[in-house]
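> need a structure here:
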Amino acid sequence: MRLRNRHWTFGVDNLNLNRKKVIVHIGPHRTGSTAIQKCLIENRDVLAKVGILFLHDNATHDAAIQFAHEDFNRAEERLCAMAINISSAKAKTVILSQEDFCGDLPGRTRRKAIYPKLTKNLRVIARALQPHEVHFVFFERDEASWLASCYHQHLKYRTLFSNLESFRAQFEASLIWPLKLEKPKQTFGDNFIILPYRKISNAGVRAILEVAGQPHLQLTHAPSEINSSPMLEKIHLLERINALSGFKSTAWFAKSLVMKDWQPRPPANLSKSNFDKSSTLANMALPGLTQRALKRITPQEIVDILPQENVNLATYIFDVLPTDIQQPTVSRVNINDQSLILDYHLRGKSRLAKLNALTISYLRRDTSYTNKARHLFHRIWREQGHLLVNELTTRWLISTLQTFLDHGENEAQRVIGASGYFYANLMKIYEGERSIEGRNQDTTYEDVSPQTPNKFPGLDRYNVGGTDLLLNTNALALDLAMRDDVAGLVLFELLLRVKATPNVFTRMDKTRKEKGISVPSFADTWSFFEPL
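As a prediction, the model looks like this:
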């Protein structure tokens, strides 16, 4: 039996007896839907007294998501079940509100068409909600301001576009509301209600209540002003993140810091521990490596090409290096040549990223400008770190962590630098070895237990799903990152990148999931304490 005929099993007379008026508020996106939904939720008791049910739960949200994904069969299944619940409700009028009923928000993907399946979506909704009398409410907003608002939403959560002009070029040609809404209007007639969007807190709720026959209903909780569009200054910063991101899948982290006006806490202390590098114990244990370690930072006479210590770092944020720089054939020994090399490797990045790299270049040498370079390095991360952290490639994140290890302002920063440096480099070593062996990073394990003998006694082997080693490693790294906001920010970003990419942690979790492995005492020991 097809889904569209499922009501016959209940009896036509019974269904007609329970026929309701269903008002489906379909948005669209960026027309105050969140404020409308919040107000209707807060006033559910008031609505119930006049025979109105606001149906807004996981089921309605899931149905809307299926429409956004154009999975019409699953969407209809959920709505059919919803229609049965509506039939049994005491209320005579039911309100649904989901902007994804229109389709996917422009900018979530590179797709150019705006709501291309709008009429089909509405037909599926009307069919699934039979025999109820379905009315659709659509708020029409000026095309230009609507696209700008969609772009601002994109900036907060996506990384495909970094300026309004390219966003408009992608979508503007397919947006003329009278043309877009002509077919649904022809299909549903007066049951497709187009209302003008008004940027007033109670306008949307009042319009929907008027359709429900209660235009003057006194609400206990007044609609609130919910404006999720970022201010102009934040828009520029979000655009910068999109344009310069070195790791797109964790850009949301840097963006959330911008949106929350995040600032690091003051360092726990400003004292720097002194330690003796001439270790007898090291010479006894690893004499060759000791010599290499002692020469890691060597004295060097170089010129000062750093800016003044009190330089305005804000001027570096939007100053971007050219992208057409040719690779120089020079040595890193001379700091001016090193600066040219950095220009090449950081082409297309901001001069803030270049300055960070230049201070690191100084701090890897023993020069008379160490204190100046250290001061600038800490200013960069204390004042502008939340703007820089997602821009840097993982290579420069690791270099930054190493610099916190060597030059942290307090013990917490040095511990964070050390743990992040070794965490990242050991992963590089392991993933490099896997590549040499010809194994893909995202391929799960065929076997779930060790297949070779252990030649490193005491370095325990483990079965897939039978260890908390990976979880505890990440938990400890996170614990250390929380001890200082300035250095911790860099380690947070590194952990997010590890979580978002194929590597030893994700391979282990994917194998557990694919093979249905759940070992007693280790059932919840996923690498990031979240099941896939």
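
> residue ranges of the strands in the protein, please?
Per DSSP state E, the chain carries strands over the ranges 21-25, 52-54, 93-97, 133-140, 192-196, 298-299, 365-366.

> so which of these gets nearest Arg127?
Closest to Arg127 of the strands of the chain is strand 133-140 (CB to CB; 9.3 Å). (C-beta placed from N, C-alpha, C; glycine too.)

> Would you single out the least confident of the strands of the chain?
Ranked by mean pLDDT, those bottom out at strand 298-299, which scores a mean of 82.

> residues in contact with that strand?
For strand 298-299, the surrounding residues in contact (CB atoms under 8 Å, 6 or more residues apart in numbering) are 365-367.

> now those residues in a markdown table, with distance to Arg206 and neighbour count?
Compiled in a markdown table, those are given as follows (distance: CB to CB, whole Å; neighbours: other CB atoms under 10 Å):
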| residue | distance to Arg206 | neighbour count |
| --- | --- | --- |
| Arg365 | 68 | 18 |
| Asp366 | 71 | 12 |
| Thr367 | 69 | 20 |
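
> Could you dump the strands of the chain into CSV and include distance to Asp484?
Below are the strands of the chain laid out as CSV (distance: least, CB to CB, whole Å):
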stretch, distance to Asp484
strand 21-25, 47
strand 52-54, 46
strand 93-97, 44
strand 133-140, 47
strand 192-196, 52
strand 298-299, 29
strand 365-366, 25
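
> closest one to Lys112 among the ones you listed?
Closest approach to Lys112 among the strands of the chain (CB to CB): strand 133-140, 20.9 Å.

> Could you list the paired strands of the closest one along with their orientation?
Counting by DSSP bridges, the strands paired with strand 133-140 are strand 21-25 (parallel), strand 192-196 (parallel).

> Most tightly packed of those strands?
For the strands paired with strand 133-140, the largest average neighbour count (mean count of other CB atoms under 10 Å) is found in strand 21-25, namely a mean of 23.

> and it with strand 93-97, angle?
The directions of strand 21-25 and strand 93-97 differ by 20 degrees, with axes from the mean of the first three to the mean of the last three CA atoms, to 10 degrees as the criterion.

> can you pull the contacts of the residue nearest to Leu129 when sequence neighbours are not counted?
Nearest residue to Leu129 in three dimensions, chain neighbours excluded: Ala83, at 4.7 Å (CB to CB, 6 or more residues apart in numbering). Going by CB under 8 Å, 6+ apart, Ala83 touches 7, 128-130, 132.

> Out of those residues, who's the most crowded?
Counting neighbours by other CB atoms under 10 Å, Ala128 comes out on top of these with 24 neighbours.

> What pLDDT does the model give that residue?
Taking Ala128 on its own, its pLDDT is 97.

> Surely it is in contact with Ile84?
No: at 10.4 Å, Ala128 does not count as touching Ile84 under the criterion of CB atoms under 8 Å.

> tell me, how many neighbours does Met284 end up with?
Met284 has 9 neighbours, counted by other CB under 10 Å.

> Repeat that for Glu225.
Residues near Glu225, counting by other CB under 10 Å: 10.

> For it, which non-adjacent residue is spatially closest?
When the adjacent residues along the chain are set aside, Glu225 lies closest to Ser201, with 5.0 Å between them (CB to CB, 6+ apart).

> swap in Leu219?
Excluding its sequence neighbours, the residue lying closest to Leu219 (CB to CB, 6+ apart) is Asn43, at 4.8 Å.

> Roughly how far does that neighbour sit from Glu433?
61 Å (CB to CB, to the nearest Å).

> returning to that earlier point: separation between the residue nearest to Glu225 and Cys39?
Taken as CB to CB, the span from Ser201 to Cys39 is 9 Å.

> Repeat that for Thr443.
50 Å.

> which of Asn43 and Glu433 has more neighbours?
Asn43 (21 against 10).

> Surely that one is in contact with Ala222?
No: assessed by CB under 8 Å, Asn43 is found out of contact with Ala222, at 9.2 Å.

> okay, and for the stretch 151-300 of the chain, where does confidence drop off?
Along the stretch 151-300 of the chain, segments meeting pLDDT under 70 span 226-228, 268-280.

> How is the chain divided into domains?
Listed domain ranges for the chain are 3-229, 410-451+458-532 (source: automatic domain parsing).

> Turn the ones you listed into TSV, including distance to Leu238.
Compiled in TSV, these are given as follows (distance: least, CB to CB, whole Å):
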stretch	distance to Leu238
domain 3-229	4
domain 410-451+458-532	17
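
> Now for Ala89: which residues touch it?
Contacts for Ala89 were tallied using CB under 8 Å, 6+ apart; they are 20, 53.

> Could you measure from it over to Glu77?
20 Å.

> Same check on Phe171?
From Phe171 to Glu77 the distance is 31 Å (CB to CB).

> go on, Ile65?
With CB to CB as the criterion, Ile65 and Glu77 are 13 Å apart.

> Next: Val258.
40 Å.

> Of these two, give the one with the bigger neighbour count.
Higher neighbour count among Val258 and Glu77: Val258, with 21 against 16, using other CB under 10 Å.

> ok, the more buried one touching Val389?
No: assessed by CB under 8 Å, Val258 is found out of contact with Val389, at 10.9 Å.

> Could you list the buried residues of the lengthiest helix in the chain?
Longest helix in the chain by number of residues (criterion: DSSP state H): helix 411-436. Within helix 411-436, the residues scored as buried using 16 or more other CB atoms under 10 Å are 411-421, 423-424, 427, 431, 434.

> so who does the residue nearest to Leu219 touch?
54, 219-221.

> show me what contacts the residue most central in space within the chain?
Residue closest to the average C-alpha location in the chain (CA atoms, centre = their mean): Trp252, at 3.5 Å. The neighbours of Trp252, taking CB under 8 Å, 6+ apart as the test, are Tyr157.

> Understood, closing this out.
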